[in-house]
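J.: what shape does this take:
(chains A and B)
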2 protein chains.
Amino acid sequence: MTAFTNLDRLSLNQATTQHWSVREAIEGCVRAGIPWIGLWRAQVAQTGLAESARIVRDTGIQVSSLCRGGWFPAATAAERQQRIDDNRRAITEAAELHTKVLVLVCGPAPDKDIQAARGMVEDALNILLPFAQQYGISLAIEPLHPMYAADRSVITSLSEANTLVEKFAHPYLGVMIDAFHVWWDADIYEQIKRASGHILGFHVSDWLVPLPDILNGRGMMGDGVIELRKLRTAVDAAAYRGPIEVEIFNPTIWDMPGDQLLELMGRRYLAHV
Amino acid sequence: MTAFTNLDRLSLNQATTQHWSVREAIEGCVRAGIPWIGLWRAQVAQTGLAESARIVRDTGIQVSSLCRGGWFPAATAAERQQRIDDNRRAITEAAELHTKVLVLVCGPAPDKDIQAARGMVEDALNILLPFAQQYGISLAIEPLHPMYAADRSVITSLSEANTLVEKFAHPYLGVMIDAFHVWWDADIYEQIKRASGHILGFHVSDWLVPLPDILNGRGMMGDGVIELRKLRTAVDAAAYRGPIEVEIFNPTIWDMPGDQLLELMGRRYLAHV
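T.: The predicted structure follows:
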């Protein structure tokens, strides 16, 4: 398990710098020597899609992914159709932003039936995959931590995501592995191996003890208990060579001066990932 | 999936009535027609072990389990030995309280190495099982929700717990299935089937949306999203016929007048479990 010696694979996921616009975040990355960024649709919409794409092109930054599509299960067919339409828009936005990956947070069940909701995720993928392929965008199923099963995603383990990907065996479907969501899983190293060939991204942050907040309590790498280097080494051994996004939801992190945060992020990435 | 028509299998886990002593909780159960109780060591210690055992005997209440043993991983051999000694005491207390089951919350890792900590759990079981057998006490591994992996238990899924139980194949080792901890698992119904023959208990509560608190945010059955009857039916189909404990950590529940709480609990149990 050797450390990185440069920032070539480091990506700033925009969720880490909530107070920065698309332009500020990208220019911050350029200043910090961070070659990648993961964009969020809400921030892109604020800046404007065309303007965001122009900033990407002008600065030469590489977009590791767009967050996020998904949120598929819904109570009625009409609502499910709206979700599909929104995901089609997300796919075209991803293409315009010159990324190859749209991250899917699959969404919660509209009622208590989590199994039926999982079926709705599958149905939606079935509809969206040909459209995504047409635009050259890969869909990355991100299994979320089980503590979000009721309000964010019915896909709660890498095992589940792998099973879905294998079922479709589609060249534009894969997984996004986020250390925060999967580190607790006794089966995680087996599942990372199993994901070899369809890993579309790797996210890092840390699990603080005690967890300060369910949603916005993630830590900077090195401040928590996740064996980040061990997981990254496993992801590398599964032949993933792409960008590694730092995604930290935490107001303490958001309130840091941006340049200082990116410098710390780079340092911790080299020390712990 | 048919409803129960009586409270024969209902048990009050003492964690649900934090403000009641052992005597108050047991007398409350007797008044409410609840035939079982799950006791906690801290409350038993406050009342005194002999006195608690006397109240159990005098009232004829059945003790479904004692909470809790476990907490095995520790940084040094001396500390691990202390944990073993404490678990031996828990086993003798369980025997004195006339229950057959000691619930194990296995504990967090003392450092970042979750795999090593899982090994320490196995080592401890290896030492404790002959002792438990001698006292006629079954050890029930309770997989905890993955959101507790860093500070309460490195055993985070029923799959893991089943694997441990199968590895030992010991007549005094089994699992405690708590709906709150496992409901999110896409594999849960397979794992409940797999647990057939070594299910030592079933706990119910509900998962509120949004979750009010990581530790003390559990809901009364029916107030959340867990498919409790479906899970209970699966546990029954796996040949479990024992008590069903209601275990709710939530200050709003604790602050209810005890008799009113037990009445509500009985009603919700019949309606939702």
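J.: now for the closest residue to A:His181 other than its chain neighbours, how many residues are close by?
T.: Spatial nearest neighbour of A:His181, excluding adjacent residues (Cβ to Cβ, 6 or more residues apart in numbering or on different chains): A:His145 at 4.4 Å. Yep, even glycine has a C-beta here, placed from its N, CA and C like the rest. Around A:His145 there are 24 other residues, counting by other Cβ atoms under 10 Å in any protein chain shown.
J.: check contacts around A:Val154.
T.: Shown in contact with A:Val154 (Cβ atoms under 8 Å, 6 or more residues apart in numbering or on different chains): A:73, A:106-109, A:114, A:117-118, A:121.
J.: mind checking which of those are in helices?
T.: A:114, A:117-118, A:121 (DSSP state H).
J.: near chain B too, which of the residues you listed?
T.: By Cβ under 8 Å from any Cβ of the partner chain, the members of these lying near chain B are A:114, A:118.
J.: what's the most distant pair in the ones in helices among the contacts of A:Val154?
T.: Greatest spacing in the ones in helices among the contacts of A:Val154, by Cβ to Cβ: A:Ile114 and A:Val121 (10.6 Å).
J.: can you tell me which residues in the stretch 51-200 of chain A are near chain B?
T.: Within reach of chain B by Cβ under 8 Å from any Cβ, the stretch 51-200 of chain A has these residues: A:108-109, A:112-114, A:118, A:145-147, A:149-151, A:155-157, A:159-160, A:183-187.
J.: so what's A:Phe4 up against?
T.: Per Cβ under 8 Å, 6+ apart, neighbours of A:Phe4: A:269-270, A:273.
J.: just the closest of the residues you listed to chain B, please.
T.: Checking the contacts of A:Phe4 against chain B with Cβ to the nearest Cβ, the nearest one is A:Val273 at 13.6 Å.
J.: narrow the ones in helices among the contacts of A:Val154 to those that are buried.
T.: A:114, A:117-118, A:121 (16 or more other Cβ atoms under 10 Å in any protein chain shown).
J.: can you put those in JSON lines and add distance to A:Ile192?
T.: Converted to JSON lines, these look like this (distance: Cβ to Cβ, whole Å):
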{"residue": "A:Ile114", "distance to A:Ile192": "24"}
{"residue": "A:Ala117", "distance to A:Ile192": "25"}
{"residue": "A:Arg118", "distance to A:Ile192": "22"}
{"residue": "A:Val121", "distance to A:Ile192": "21"}
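J.: what sits against A:Thr92?
T.: A:Tyr135.
J.: what is the burial count for A:Pro212?
T.: 14.
J.: pretty sure it is in a helix, no?
T.: No - per DSSP: H, G, I helix; E, B strand; the rest coil, A:Pro212 lies outside any helix segment and is coil.
J.: which other helices and strands contact the longest strand along chain A?
T.: Ranked by number of residues, the top strand in chain A under DSSP state E is strand A:62-70. The contact analysis (3 or more Cβ pairs under 8 Å, 6 or more residues apart in numbering or on different chains; DSSP states H and E) places strand A:62-70 against strand A:10-13, strand A:36-40, helix A:41-47, helix A:77-96, strand A:101-105, strand A:199-204.
J.: in its sheet, what does that strand sit against?
T.: Applying DSSP bridges, strand A:62-70 is found paired with strand A:36-40 (parallel), strand A:101-105 (parallel).
J.: I'd like those strands as CSV, with mean neighbour count and mean pLDDT appended.
T.: CSV is the format used below for these (neighbours: other Cβ atoms under 10 Å in any protein chain shown; pLDDT from 0 to 100):
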stretch, mean neighbour count, mean pLDDT
strand A:36-40, 25, 98
strand A:101-105, 26, 98
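J.: how far away is the closest residue to A:Ile188 other than its chain neighbours from A:Thr2?
T.: Distance criterion Cβ to Cβ, 6+ apart; nearest residue to A:Ile188, sequence neighbours excluded, is A:Val182 at 5.4 Å. According to Cβ to Cβ, to the nearest Å, A:Val182 stands 22 Å off from A:Thr2.
J.: next one: A:Ile188
T.: Counting by Cβ to Cβ, the gap from A:Ile188 to A:Thr2 is 21 Å.
J.: these two: which has the busier surroundings?
T.: The neighbour comparison of A:Ile188 against A:Thr2 (other Cβ under 10 Å) goes to A:Ile188, with 22 against 7.
J.: how near is the closest residue to A:Ser138 other than its chain neighbours to chain B?
T.: In this structure, A:Ser138 finds its nearest non-sequential neighbour in A:Tyr172, 4.8 Å apart by Cβ to Cβ, 6+ apart. Between A:Tyr172 and chain B the distance is 23 Å, computed by Cβ to the nearest Cβ, to the nearest Å.
J.: run through who's touching stretch A:155-171.
T.: Here stretch A:155-171 makes contact (Cβ under 8 Å, 6+ apart) with A:106, A:118, A:121-122, A:125-126, A:129, A:133, A:141-146, A:148-149, A:173-175, A:177, A:182, A:185, A:187-188, A:191-192, A:194-195, A:198, B:184-187.
J.: switch to 7 Å and redo it
T.: For stretch A:155-171, contacts defined as Cβ atoms under 7 Å, 6 or more residues apart in numbering or on different chains pick out A:106, A:121-122, A:125, A:129, A:141, A:143-144, A:146, A:149, A:173-175, A:177, A:182, A:185, A:187-188, A:191, A:194-195, A:198, B:184, B:186.
J.: go through those residues and flag which are in helices.
T.: Reading helices off the contacts of stretch A:155-171 with DSSP H, I get A:121-122, A:125, A:129, A:182, A:188, A:191, A:194.
J.: could you list every residue that touches A:Ala150?
T.: Taking Cβ under 7 Å, 6+ apart, we find A:Ala150 in contact with A:108, B:207, B:209, B:225.
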